[in-house]
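Novice: next come a sequence and a model predicted from it.
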Amino acid sequence: MNAALRTAVTIVAVALAYYATAQVGLVLALVNGQVTPLWLPTGISVAALLMRGRGIWPGIALGAFATNIALNAGFWSVVVITVGNTAAPLVAWYLLNRFGFRPALDRLKDALLLVFAGALGAMLVSALVGATALRIGGVIEWPDFLAVMSVWWTGDAMGVLVFTPLLLTLPRRWTVSPRRLVEGGVLLVVTAGLASVVTVSESRLLFLVFPMLIWAALRFQHALAAPCAVIISVAAVMAAAGGHFSTQALPATMIVLQAFNGTVALTGLILSAITRERNQARQAIERACEQLAETVARYQEEGVRKRLGRVVPPGSPAS
């Protein structure tokens, strides 16, 4: 497959993935059926740009246009929203590359860049443009502008924080023992069970999911911390959409929900990055110790040969 065809296939795949995950997000929308607290397409868009380069941006635009045209917000509003939804991931891609982001997420710097540049910073673009388009199109009123923009911004940012690490982790090859595989499977099942219970519990037991997340980050890093974060966040958003997450008014519910999702994402992302950084430092020290031991052994061997050379004159028979 040549490069042009591969790029075209990637563009189509990104567009389809954007549209499919957008339908899931719209089911969970809390504002006018259009603004959701967890917008997964932004996570797909940023991950696709980081893995395949900016040449796949038409796929993001196609997916965003197809998603928004079905919402009957007016043609020009749809065009403006599409521009914002395409520009925000591109801004995230530019900022992350500009500051030396590594998709392996193996440094604390990479985690912080994804949080502040890729999510919180870049997604202001889509939130501002999208809320403005909805106001101009008559979908919302000016008193609701800041609330809609805030939900849009945090929803897009959560999509990046929750979904992008998962997609960046998937292409890697992981070698694990059967015992570790069973451990990981049990961890995912327990996390899913706990998340489905605590997010609808009136006793507010949300903190119970964090031991699972910390366990995943310390033992498996992003390979399992990212899926756990996705499971927990999706369960929380589903509970909020069903009115079970909080009995408070929408603004208060959104604050609690996004604070919870942000804490989950940050805990998994940053703790995994710190653990990988620590493991890499330990491995580097172990390699240095091995090299030092080999060097010392080699010098000792050479020293023994030199001493033997002085004791036994050249040409004399070996005893």
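Specialist: Right, received. Where do you want to start?
Novice: from here on, just use CA atoms for contacts and neighbour counts.
Specialist: Fine.
Novice: show me what contacts the most centrally placed residue in the chain?
Specialist: Centroid-nearest residue in the chain, with C-alpha atoms, centre = their mean: Pro165, separated by 2.5 Å. By C-alpha atoms under 8 Å, 6 or more residues apart in numbering, the contact set of Pro165 is Ala47, Leu105, His222, Ala226, Leu269.
Novice: tell me the SS of the second one?
Specialist: On the three-state scheme (DSSP: H, G, I helix; E, B strand; the rest coil), Leu105 is labelled coil.
Novice: what's near enough to touch it?
Specialist: Ala111, Pro165, Ala273.
Novice: from those, pick the one nearest Pro211.
Specialist: Ala273 (17.1 Å; C-alpha to C-alpha).
Novice: the closest one: what secondary structure?
Specialist: Taking three-state DSSP, the label given to Ala273 is helix.
Novice: so it touches Asp106, yeah?
Specialist: Yes - assessed by C-alpha atoms under 8 Å, Ala273 is found in contact with Asp106 at 5.1 Å.
Novice: so where's this protein uncertain?
Specialist: The chain contains residues with pLDDT under 70 at 1, 30-35, 73, 171-174, 202-203, 247, 309-319.
Novice: do a quick rundown of the helices in it.
Specialist: Here the chain has its helices, by DSSP state H, at 3-27, 40-52, 57-69, 75-98, 108-113, 123-136, 145-169, 178-198, 209-220, 222-241, 250-311.
Novice: angle of the last one against helix 145-169?
Specialist: Interaxial angle of helix 250-311 relative to helix 145-169 (axes from the mean of the first three to the mean of the last three C-alpha atoms, to 10 degrees): 30 degrees.
Novice: and helix 250-311, what does it pack against?
Specialist: The contact analysis (3 or more C-alpha pairs under 8 Å, 6 or more residues apart in numbering; DSSP states H and E) places helix 250-311 against helix 108-113, helix 145-169, helix 209-220, helix 222-241.
Novice: neighbours around Glu286, how many?
Specialist: For Glu286, the count of nearby residues is 12 (other C-alpha atoms under 10 Å).
Novice: let me have the helices and strands packed on helix 250-311 in TSV, adding distance to Gln291 as columns.
Specialist: TSV is the format used below for the helices and strands packed on helix 250-311 (distance: least, C-alpha to C-alpha, whole Å):
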stretch	distance to Gln291
helix 108-113	28
helix 145-169	31
helix 209-220	28
helix 222-241	30
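Novice: tell me which of these sits nearest to Leu38.
Specialist: helix 145-169 (4.4 Å).
Novice: tell me which residues of that closest one are tucked away?
Specialist: 147-169 (16 or more other C-alpha atoms under 10 Å).
Novice: re the thing from before, of all the helices and strands packed on helix 250-311, which one is nearest Asn68?
Specialist: helix 145-169 (14.0 Å).
Novice: quick check, distance from the closest one to the centre of its chain.
Specialist: Its chain's C-alpha centre lies 10 Å from the corresponding centre of helix 145-169 when counted by C-alpha atoms, centre = their mean, to the nearest Å.
Novice: what does stretch 242-257 give?
Specialist: Mean C-alpha position of stretch 242-257 versus that of the full chain (C-alpha atoms, centre = their mean) differs by 24 Å.
Novice: contacting residues around that stretch?
Specialist: Pro37, Ala147, Val151, Thr199, Val200, Ser201, Ala236, Val237, Ala239, Ala240.
Novice: report the two of those separated the most.
Specialist: Ala147 and Ser201 (26.6 Å).
Novice: follow-up on the earlier one: distance of the residue nearest to the centre of the chain relative to Met212?
Specialist: Applying C-alpha to C-alpha, to the nearest Å, the value for Pro165 to Met212 is 18 Å.
Novice: check Ala15 too.
Specialist: 34 Å.
Novice: what number of residues lie near Thr132?
Specialist: Thr132 has 21 nearby residues by other C-alpha under 10 Å.
Novice: identify the residues contacting it.
Specialist: When contacts are taken as C-alpha under 8 Å, 6+ apart, Thr132 is in contact with Phe145.
Novice: and if we set it to 7 Å?
Specialist: With contact set as C-alpha atoms under 7 Å, 6 or more residues apart in numbering, Thr132 has no partners.
Novice: could you do Ala61 as well?
Specialist: Contacts of Ala61 (C-alpha under 7 Å, 6+ apart): Thr82, Thr86.
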